[in-house]
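In: Give the three-dimensional model of this entry:
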Amino acid sequence: MLTHRSPANSIAIPDRLVFKPSLIRGTALDEATVVSYQQGWTANQEAMSNDWALLKIDSNLGDQTRYGHMGWRSLNFSNPDTLSAVKEKIKLGGYSGDFPTDRLTEFGIAGDTAGVDVSCSILEASQGMLFHDCDTNPGASGSAIFAQFDDDNYYILGLHAGGFPLNQTIRLPDGVATDIVNRDVEVSQWATQATAMQR
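Out: Modelled structure (predicted):
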């Protein structure tokens, strides 16, 4: 990524964003440049369900045999049967800052290689948000949560947006006690924009 510096005490502003699929140990075989983006937040609309961004790249890497791509599906997570059907079948893949761990140094340092939680659940849905128990840490924001469907394909169900502090401690389905739950932006909040960007 190329950057230029603003005045002292300010952050570096990127001139170019680069997408590197299958990044392992900080290295990728291919890359594509981001050419445009869409985001949910506006000056007057900072609801949690608008905490998403989509990037369009200059190369159709998903058509290459090496990578492929996933579509997306919007499900009715307010239906208890839907929550039950995906229980412990949700996956989240991303670049959490705590992976690779010290035991897995052959995959590089933390944040250099994608990790995946393969058996998490959607706990609740509300106002365009999904609350889930996938294992995340800083760096995972923007990661897709996805599941395999009856047609044997995987579909994105939402985009991880961060942790949400609770006013109480709850016990997750795996027995872990926490006062933070993960939040995810449902497909319905960004599908129209994603479809338009494919053109």
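
In: measure the most centrally placed residue in the chain to residue 90 for me?
Out: The residue lying closest to the centre of the chain (CA atoms, centre = their mean) is residue 143, at 1.4 Å. Distance, residue 143 to residue 90, using CB to CB, to the nearest Å: 12 Å. Yep, even glycine has a C-beta here, placed from its N, CA and C like the rest.

In: Can you tell me what sits against stretch 79-93?
Out: 75-77, 114-125, 132, 134-136, 140, 143-148, 154, 157, 160, 173 (CB atoms under 8 Å, 6 or more residues apart in numbering).

In: Select only the buried ones of those in ChimeraX?
Out: With 16 or more other CB atoms under 10 Å as the criterion, this ChimeraX line picks the buried residues out of these:
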select :75,77,114,115,117,120,121,122,123,125,132,134,135,136,140,143,144,145,146,147,154,157,160
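
In: any idea which strand is longest in this structure?
Out: strand 154-171 (DSSP state E).

In: and that strand, which residues are buried?
Out: Within strand 154-171, the residues scored as buried using 16+ other CB under 10 Å are 154, 155, 156, 157, 158, 159, 160, 161, 163.

In: ok, it: who's next to it in the sheet?
Out: Counting by DSSP bridges, the strands paired with strand 154-171 are strand 71-72 (parallel), strand 144-148 (antiparallel), strand 177-186 (antiparallel).

In: Point out the one among those that comes closest to residue 22.
Out: For the strands paired with strand 154-171, proximity to residue 22 was assessed by CB to CB; strand 144-148 is nearest, at 14.6 Å.

In: what's the average pLDDT for the closest one?
Out: Taken as a whole, strand 144-148 carries a mean pLDDT of 91.

In: separation between the residue nearest to the centre of the chain and residue 33?
Out: Per CB to CB, residue 143 is found 21 Å from residue 33.
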